[in-house]
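Trainee: have a look at this prediction, sequence included:
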Amino acid sequence: MKSILFNRLTKLLTGIGRRMIERIWRLGAGARLFFLTIVYSGESFKRFHLTLREVYFTGVMSLLIIIVSAFFVGMVLGLQGYNTLQKYGSSEAIGVLVALSLVRELGPVVTALLFAGRAGTAITAEIGLMKTTEQLSAMEMMAVNPIARVVAPRFWAGVISMPVLAALFSMVGVLGGYIVAVPLIGVDDGAFWSQMQANVDVREDIINGVIKSVVFGVACTMIALFEGFDAPPTAEGVSHATTRTVVISSLTVLGLDFVLTSFMITV
């Protein structure tokens, strides 16, 4: 009986240790890929049209889901905010509530989650299929650096696209909140905009939101690239890598949001 329990405990500890080693190895491999991407970025900028093409793929092609989602999120904020503020006689401050919620939190966070679900999975699947069909190996055989040719343009496209998409999300969300609060509910038009302009600070709110979106862009894009490079060259391996991209990116965005928010509040 004791030997059976000992064997089970040994297997359990061995499995935990193996998983920990694998996680540490993946973290180190991801950091190495990030370092090489920065090193070879100058070489990739010589063919800047590749980065522009990826900006179109990751940014422009994501506009529809970003705009539609932002519009409905803003409308929901307008409804919920008015219902709450009316109880305290502060319904005129609905514009401040909508704007601060979007600029500080919902704009960068929801944009990053949508970006990971739409562009991140596409990047992982594309690079995974390139690895499966040995296109990356063929580039190395022809003395073409796959990091400078494939990884770096996609990385900088994600970093550039994310802040722009987050800004558009916030703008459209404010418009959705305005449509609900002013024409539908009847909040004063001047109070909606004047209170928003008076209480939304550029450095405290807008710049912090931009910083969050840039950090989320680096994290989501890098995770998608690494998962594509690390995917086993099989159909099942690519599908699992695509799933990991969404899960890890979402958890990373939420964790980074807490860290950045706590840091920005204390500073």
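Mentor: Now that the structure is in, tell me what you want to look at. Fair warning: this is a prediction, and the values are worked out from it, not measured in the lab. Residues are numbered from 1 along each chain as shown.

Trainee: what sits against the spatially most central residue of the chain?
Mentor: The residue lying closest to the centre of the chain (C-alpha atoms, centre = their mean) is residue 112, at 2.6 Å. Residue 112 is in contact with 162, 166, 213, 216-217, 219-220, 249, 253, counting by C-beta atoms under 8 Å, 6 or more residues apart in numbering. All C-beta atoms are positioned from the backbone trio N, CA, C, and that covers glycine.

Trainee: closest to residue 190 among the residues you listed?
Mentor: Closest approach between those and residue 190, by C-beta to C-beta: residue 166, at 27.7 Å.

Trainee: that closest one: how many residues sit nearby?
Mentor: Using other C-beta atoms under 10 Å, residue 166 has 29 neighbouring residues.

Trainee: what strand or helix carries it?
Mentor: helix 152-179 (DSSP states H and E).

Trainee: list the backbone torsions phi and psi for residue 198.
Mentor: phi -80, psi -30 (degrees, to the nearest 10).

Trainee: kindly state the pLDDT recorded for it?
Mentor: Listed pLDDT for residue 198 reads 83.

Trainee: now distance to residue 125, pLDDT and secondary structure too, for the contacts of residue 112, in a markdown table please.
Mentor: Shown next, in a markdown table, are the contacts of residue 112 (distance: C-beta to C-beta, whole Å; pLDDT from 0 to 100; DSSP: H, G, I helix; E, B strand; the rest coil):
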| residue | distance to residue 125 | pLDDT | secondary structure |
| --- | --- | --- | --- |
| 162 | 19 | 93 | helix |
| 166 | 24 | 93 | helix |
| 213 | 24 | 93 | helix |
| 216 | 21 | 95 | helix |
| 217 | 19 | 93 | helix |
| 219 | 19 | 94 | helix |
| 220 | 15 | 93 | helix |
| 249 | 14 | 93 | helix |
| 253 | 20 | 94 | helix |
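
Trainee: next SSE downstream of the helix or strand encompassing residue 17?
Mentor: For residue 17, the element it lies in under DSSP H and E is helix 2-39. Next along the chain after helix 2-39, taking DSSP H and E as the criterion, comes helix 41-45.

Trainee: got the buried residues for that next one?
Mentor: Neighbour counts over helix 41-45 (16 or more other C-beta atoms under 10 Å) mark 41, 44 as buried.

Trainee: which other helices and strands contact that helix?
Mentor: helix 48-58, helix 152-179 (3 or more C-beta pairs under 8 Å, 6 or more residues apart in numbering; DSSP states H and E).

Trainee: redo that, cut-off 7 Å
Mentor: helix 152-179 (3 or more C-beta pairs under 7 Å, 6 or more residues apart in numbering; DSSP states H and E).
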